[in-house]
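Student: Next comes the sequence, and after it the predicted model I'd like to discuss.
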Amino acid sequence: MDSRIVELLEACFGEELSALGGDLGALEDRVTVLMRECGQGLLQRVVSKGSAGYQGSTLACSCGRWKRFVGYRSKHLHTTVGWIDIQRAYYHCPSCRTSDYPYDRSSGLGSESLSPGLAKACCTLAVGSSFNETSRMIEELFGQTVSPRTVQRVVHHVGSVALDQHRRNLELFREHRAPPACEAPPKRLYIAADGTTVHEREGWHESKVGCIRWEDARHRLQQHYVGGFENSERFGHLLWWQACRCGFRQAAEVVYLGDGAAWVRSIHDKHFRRATFIIDWYHAQKHIWDCAKVLWGEGKNETAQWADRCCRWLWKGRTRKILKELTERRRRCRGRKREAIEDLHRYVKVNQEQMRYDVFRAKGYVIGSGMVEGACKHVVGDRLKRSGMIWSRCGSSATLALRICWLNHEWDPLWQQKPLAA
């Protein structure tokens, strides 16, 4: 800042600040408040001197007629430095009765009273915190009071814009079959898919989550996410589209991790056939332990011994040994126990090729689903599954889309589109 401006500010506020003595914290707090008040006044003066969207006496209307300049209309706007008033040019089409404020469109103003800067701050905090917490943090950081309800409305609006953008990208791909470009193809790309439930007003519903992981040229770990309440077909296209952006088509090796669920397998078979499909180690172990608990009961020594033995065989890729053990044990069991054995036998037999863990480990592949299990928690659980949270479908979808946009480092491009005005 120009030293003359600093000297002028010191002349205005120096006596008041000197009275605070050597308390740096108190000085800092007071200077922050004073700078906010100065910023509010400066912003008001600069905005008041502008044309405020006046573009002549008439404007072309989308109906083919002309919108006429009626006059100026006031808007009370809440910014990061306080409230200001804006007089904007107002146009009206007498034919289709459309109203228009060109200044609002060019400045990215929406129906809410929040400025783009304050709305962006609310959304930035709300991708990781509840609406109540965000309201408190906005007051602490900016000295502005924004109600939790206002935060919620803004997040839902901007998140819906992000969601619509993703859907448009998908529709463009499906229409033109043109995959997105990749800047730096990785040597090995991991793709994982899983699902987690979210409590909505209509009950618990599954959100599908995808995670794409790779090392960049500097050996730094990179991750991108996909998530939503889409059906498996649409989610598969979204995951494929994001994977292409991360280098799926150019990568030397591709590994696909999942739990073996039908929808996870169908996405692999349709979009990622060239990828090595691995049933993640956690889910494979869980199936064995679930069967063992049915056979001997929870917490029994026999349960742990049998499950550990089968897991050791599985670790070495000896799925035939497990199938033989299950076949022999099935002859001696009836009822619920036999059903559990048959379920595990079917699971192992169907997924034998995806359970060659000895081969996968020899190639240096990650066999655990930590990346996708972590993604479910990081992307969905940490924001949408907190204690007591019950969502509307619109709210959960929009908030999830906004959070993924943040995690994928697509934040600034989103706000460059002026989402409040969309």
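Tutor: Nice, thanks for sending it over. Residues are numbered from 1 along each chain as shown.
Student: From here on, just use CA atoms for contacts and neighbour counts.
Tutor: Fine.
Student: can you map out the strands along the stretch 201-350 of the chain?
Tutor: Remark: strands of the stretch 201-350 of the chain, listed N- to C-terminal, are 203-215, 221-228, 253-258, 276-279; assignment by DSSP state E, counting those that start in this stretch.
Student: for these, which one sits closest to Trp315?
Tutor: Put simply, out of these the one that sits nearest Trp315 is strand 276-279, at 12.0 Å, with distance taken as C-alpha to C-alpha.
Student: For that closest one, C-alpha coordinates in PDB please.
Tutor: Coordinates of each C-alpha in strand 276-279 appear next as PDB, following Å, rounded to 0.1, in the frame of the first residue of the first chain:
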ATOM      1  CA  THR A 276      -6.900 -55.000 -13.900                       C
ATOM      2  CA  PHE A 277      -9.900 -55.600 -11.700                       C
ATOM      3  CA  ILE A 278      -9.100 -56.300  -8.000                       C
ATOM      4  CA  ILE A 279     -11.600 -57.200  -5.300                       C
END
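Student: which helices and strands sit right next to it?
Tutor: Taking 3 or more C-alpha pairs under 8 Å, 6 or more residues apart in numbering; DSSP states H and E as the contact definition, the neighbouring helices and strands of strand 276-279 are strand 253-258.
Student: residues of the strand it packs on that come out buried?
Tutor: For strand 253-258, burial by neighbour count (16 or more other C-alpha atoms under 10 Å) applies to Val254, Val255, Tyr256, Leu257, Gly258.
Student: Could you pull up the mean pLDDT of it?
Tutor: Strand 253-258 shows an average pLDDT of 95 in the prediction.
Student: Who are the contact partners of Asn351?
Tutor: When contacts are counted by C-alpha atoms under 8 Å, 6 or more residues apart in numbering, Asn351 touches Gly260, Ile279.
Student: So for it, what pLDDT did the model give?
Tutor: In this prediction, Asn351 has a pLDDT value of 94.
Student: How about the one 4 residues further on?
Tutor: Turning to Met355, the model gives it a pLDDT of 96.
Student: so who does it touch?
Tutor: For Met355, the set of contacting residues under the criterion of C-alpha under 8 Å, 6+ apart consists of Ile278, Ile279, Leu314, Gly317, Thr319, Val348.
Student: Determine which two of those residues are furthest apart.
Tutor: Pairwise distances across those peak at 13.8 Å for Ile278 and Thr319 (criterion: C-alpha to C-alpha).
Student: Looking at these two, which is more packed in?
Tutor: Counted by other C-alpha atoms under 10 Å, Ile278 and Thr319 do not tie: Ile278 has more neighbours, with 26 against 23.
Student: per-residue pLDDT, the more buried one?
Tutor: Confidence at Ile278, expressed as pLDDT, is 96.
Student: Also Met1?
Tutor: Met1 is assigned a pLDDT of 66 by the prediction.
Student: before we move on, back to that, dump the contacts of Met355 to a markdown table, plus distance to Gln55.
Tutor: Conversion of the contacts of Met355 to a markdown table gives the following (distance: C-alpha to C-alpha, whole Å):
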| residue | distance to Gln55 |
| --- | --- |
| Ile278 | 61 |
| Ile279 | 62 |
| Leu314 | 72 |
| Gly317 | 73 |
| Thr319 | 74 |
| Val348 | 70 |
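Student: those strands in the stretch 1-150 of the chain, which residues are they?
Tutor: Applying DSSP E, counting those that start in this stretch to the stretch 1-150 of the chain gives strands spanning 58-60, 66-79, 82-92, 99-100.
Student: Just checking: what are the partner strands of the last one?
Tutor: Each strand paired with strand 99-100, and its direction, by DSSP bridges: strand 82-92 (antiparallel).
Student: tell me how far the partner strand is from the chain's mean position?
Tutor: Its chain's C-alpha centre and that of strand 82-92 lie 34 Å apart, by C-alpha atoms, centre = their mean, to the nearest Å.
Student: Just the angle for that strand relative to strand 66-79, thanks.
Tutor: Calculated by axes from the mean of the first three to the mean of the last three C-alpha atoms, to 10 degrees, strand 82-92 forms an angle of 170 degrees with strand 66-79.
Student: mind listing what's buried in strand 82-92?
Tutor: Using 16+ other C-alpha under 10 Å as the burial criterion, the residues of strand 82-92 that qualify are Gly82, Trp83, Ile84, Ile86, Gln87, Arg88, Ala89, Tyr90, Tyr91, His92.
Student: what ranges of this structure fall below the confidence cut-off?
Tutor: For the chain, residues meeting the criterion pLDDT under 70 lie at 1, 369.
Student: And it, split by domain according to the record?
Tutor: If the domains of the chain are taken from automatic domain parsing, they occupy 3-47, 50-107, 112-178+394-422, 188-280+368-391, 282-355, with pieces of a single domain joined by a plus sign.
Student: and those domains as CSV, adding distance to Arg361?
Tutor: CSV is the format used below for the domains of the chain (distance: least, C-alpha to C-alpha, whole Å):
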stretch, distance to Arg361
domain 3-47, 55
domain 50-107, 53
domain 112-178+394-422, 29
domain 188-280+368-391, 11
domain 282-355, 9
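Student: can you tell which of the ones you listed is closest to Ala362?
Tutor: Counting by C-alpha to C-alpha, Ala362 lies closest to domain 282-355 out of the domains of the chain; the figure is 10.7 Å.
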